[in-house]
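*Asks:* quick one, structure for this:
(2 chains)
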Amino acid sequence: MTTEAARRSRPPAVLALGQVRYQLVVLLRSPLGLFLSIVFPLLLLVCLQVVTPARPVGGLPYAQWLTPAMCAFCLLNACYMTVVIGIVLAREEGILKRLRGTPLPAWTYLAGRSGSAFVTSVIAFGVIIATGVAFFKVSMIWHALGYFGAAAFLGIVCFFLLGAAVTTVVPKSETALPIAFGTMLPLAFISGVFFAVNRPPVWLHDLAAAFPVAPITWAMEDSFKPGTHSWPMPVSGLLVVLGWSAAAIVVIALAFRWEPGPAPAARGLGRSRPWLKRWHRGS
Amino acid sequence: MGGSPASQPPAIVVDGLCKEYGRVRAVDGVSFQVRRGEIYALLGPNGAGKTSTVEILEGHRRRSGGSVRVLGFDPGAGDRRFRERVGIVLQSGGIDAELTVREMVSLYAGLYARPRDAAQTIEQVGLTAQRRAKARTLSGGQMRRLDLALALIGDPDVLFLDEPTTGFDPSARRDAWDMIAGLRRSGTTVLLTSHYLDEVQRLADRVGVMSHGHLLEESTPDALGGRDVSGTVISFRLPEQLRASEIPAGPWDRREDLPSEFTMHTDEPTRVLLALTQWAAGHGVELPGLTAVRPSLEDVYLRITGQAGVGAGDDH
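*Replies:* Numbers count the residues shown, from 1 in each chain, chains lettered A, B, ... in the order given. Below is the predicted model of the structure:
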């Protein structure tokens, strides 16, 4: 038997760092995670550049626009797609339930996931930007690099939170990929991730601007224009990003679950939330 | 018994525990206590409420009523100090397929304040040869050993084992039993659920029989259902030298198809046997086929759970 004093729990920061390392190891060993986060955006960068080499965007060479756009695509993959799929798989395989039975505080698991998404994103940025500079004559806009970093950081936080929130409505492993792709791809298309949307209909522009992908992508793209000398995200865009992030935090706090299976409230998990129970039964 | 002083408070105290899922009462007023160092088994058919009870004690589920204390903590409060001191073996799953045995055990060691030595724990569960193997390459039995290693790595005072050998082949089951029996020597308190009678008989110091959310009976495996004293069946064949009318301690039942064979159900086997054997010895004869048999644990178990009207259903 052990006295309680002998069991002073490890500091949460140490546990969170351990989780980052763990998530990175798991990611490195999963072909899907690595492919989505780094290989896929790089592949797109090269392919899109090769098939549309001569078309300038906004008076700048195509690659100057494409490189930050592909960085935004990296963010969506590393911080949203991978997070949705990874968390749902871990939940359905009982990994989250097992971790929940240890002294690991709940938030350090999510901190580990987001830390790993951050590290992956930074590595992917490095690979993509280096490729753009080395092979496609992309110029670094050093005076706007801070804006690029700040916009990307907002993206990491917001997309990660949205990914973690979306897991609450994914009922099983098989639906994680379709739901993640089905929510991410349309937004990426209308938000100018894959091609510069030229004079879109007003409604399409407004629709894109109501979601956080567009303001972050546009700010990252603008940070690669030589003429950008001030923070490239309008206040309305920032509010959209922060609003979605806040909404995601609320959903995570209310409905994030650690146990496998589709109907948590009905199984008696968490606080009693009859409205949630009804909603889950209905879905 | 683990040899803990009787003055120590019980490791687990369950009082009037209830768990409802909608209108279904999976656990209905269950009370029991587990002493420190004891191996306590919850025995019952599927749907009896065993898993619900254990998961409430683990802190995985919230109770609907009653009170629960594990090492003095309310498991539902989610206190980290509580989770430092318990180990949980889930019914299945929860292992990263792409990590090796060694990595999994080290990862979990890193979560606890005062973990056991990883290599030693791997050795104890018999996975040293597989320590560099990825989890996805392990057999079912090896996976459960890894399961146990992960539950033990935090050096728990209380270990929860939910159906630890379900789906095992007989040799894997014996290995698991040896490992669990080994925990007794380290003084770990163990709460296990099972629907195998032989497992409970082999491992448990005490057993609680559950059915339909109720705890029907609590005793040692040997004494379950009064099995240690009641309902002993004594039988023998009457030798030709002796007369049926003189058999002592009657009345005896005579089998119609075998008129020389006599049997009796008794709650006083010692008294009956003494009278019977003295009588035979006094006449200088042996009683052929003399046996005194207790009902099997299975008989008793079926009788106990049968009284509660056992039905089929999923375990909660």
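*Asks:* CA atoms for contacts and neighbours, from now on please.
*Replies:* OK.
*Asks:* okay, the helix or strand hosting residue A:67 in CSV with CA atoms only?
*Replies:* Element membership for residue A:67 (DSSP states H and E) is helix A:62-75. The C-alpha trace of helix A:62-75 is given here as CSV (Å, rounded to 0.1, in the frame of the first residue of the first chain):
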residue,chain,number,x,y,z
TYR,A,62,0.9,31.5,-60.1
ALA,A,63,3.3,29.8,-57.7
GLN,A,64,3.5,32.9,-55.5
TRP,A,65,-0.3,32.4,-54.9
LEU,A,66,-0.3,28.6,-55.0
THR,A,67,2.4,28.1,-52.3
PRO,A,68,0.6,29.8,-49.4
ALA,A,69,-2.7,28.2,-50.6
MET,A,70,-1.1,24.8,-50.3
CYS,A,71,0.1,25.8,-46.9
ALA,A,72,-3.5,26.5,-46.0
PHE,A,73,-4.5,23.1,-47.4
CYS,A,74,-1.8,21.6,-45.1
LEU,A,75,-3.4,23.2,-42.1
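*Asks:* just after that helix, pick out the following helix or strand.
*Replies:* Counting by DSSP H and E, the next helix or strand C-terminal to helix A:62-75 is helix A:82-92.
*Asks:* averaged pLDDT, that following helix. What do you get?
*Replies:* The average of the pLDDT scores along helix A:82-92 is 94.
*Asks:* ditto for stretch B:157-164
*Replies:* 90.
*Asks:* does any part of that stretch sit near chain A?
*Replies:* Yes: with Cα under 8 Å from any Cα of the partner chain as the measure, stretch B:157-164 is seen reaching chain A through residue B:157.
*Asks:* any chance you could list what contacts that stretch?
*Replies:* Contact partners of stretch B:157-164, identified using Cα atoms under 8 Å, 6 or more residues apart in numbering or on different chains, comprise A:1-2, B:11, B:51, B:54, B:58, B:85-91, B:144, B:151-152, B:176, B:187-195.
*Asks:* for chain B, longest helix please?
*Replies:* Longest helix in chain B by number of residues (criterion: DSSP state H): helix B:170-185.
*Asks:* in strands only, show me the contacts of stretch B:157-164.
*Replies:* B:86, B:87, B:88, B:89, B:189, B:190, B:191, B:192, B:193, B:194 (DSSP state E).
*Asks:* between those residues, which sits nearest residue A:165?
*Replies:* Residue A:165 has its nearest neighbour among these in residue B:88, at 27.5 Å by Cα to Cα.
*Asks:* give me every residue that touches the closest one.
*Replies:* A:98, A:101, B:58, B:151, B:159, B:160, B:161.
*Asks:* now distance to residue B:209, neighbour count and secondary structure too, for those residues, in a markdown table please.
*Replies:* Formatted as a markdown table, the contacts of residue B:88 follow (distance: Cα to Cα, whole Å; neighbours: other Cα atoms under 10 Å in any protein chain shown; DSSP: H, G, I helix; E, B strand; the rest coil):
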| residue | distance to residue B:209 | neighbour count | secondary structure |
| --- | --- | --- | --- |
| A:98 | 27 | 25 | helix |
| A:101 | 26 | 23 | coil |
| B:58 | 20 | 25 | helix |
| B:151 | 25 | 26 | helix |
| B:159 | 19 | 24 | strand |
| B:160 | 17 | 24 | strand |
| B:161 | 16 | 24 | strand |
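*Asks:* now the residues you listed as CSV including distance to residue A:24?
*Replies:* What follows is these, written out as CSV (distance: Cα to Cα, whole Å):
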residue, distance to residue A:24
A:98, 19
A:101, 22
B:58, 29
B:151, 24
B:159, 30
B:160, 30
B:161, 31
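*Asks:* which of those residues lies closest to residue A:64?
*Replies:* Taking Cα to Cα as the measure, residue A:64 sits nearest to residue A:98 out of the contacts of residue B:88, at 46.4 Å.
*Asks:* the helix holding residue A:67 packs against which elements?
*Replies:* helix A:40-51, helix A:106-136, helix A:145-166, helix A:213-222 (3 or more Cα pairs under 8 Å, 6 or more residues apart in numbering or on different chains; DSSP states H and E).
*Asks:* hey, which of the ones you listed is tucked in deepest?
*Replies:* Of all the helices and strands packed on helix A:62-75, helix A:213-222 has the most neighbours on average by mean count of other Cα atoms under 10 Å in any protein chain shown, namely a mean of 26.
*Asks:* what bridges to residue B:160?
*Replies:* Under DSSP bridges, the beta-bridge partners of residue B:160 are residue B:88, residue B:191.
*Asks:* from residue B:251, how far out is the closest residue to chain A within chain B?
*Replies:* Residue nearest to chain A within chain B (Cα to the nearest Cα): residue B:94, separated by 3.7 Å. Per Cα to Cα, to the nearest Å, residue B:94 is found 60 Å from residue B:251.
*Asks:* more neighbours: which of those two?
*Replies:* residue B:94 (19 against 12; other Cα atoms under 10 Å in any protein chain shown).
*Asks:* sorry, back to before: between helix A:82-92 and the helix holding residue A:67, find me the angle.
*Replies:* 20 degrees (axes from the mean of the first three to the mean of the last three Cα atoms, to 10 degrees).
*Asks:* what residues does the stretch 51-200 of chain A have near chain B?
*Replies:* By Cα under 8 Å from any Cα, the part of the stretch 51-200 of chain A that sits against chain B consists of A:90, A:93-98, A:100-105.
*Asks:* try it again at 6 Å.
*Replies:* Residues of the stretch 51-200 of chain A lying near chain B by Cα under 6 Å from any Cα of the partner chain: A:93, A:94, A:95, A:98, A:102, A:103.
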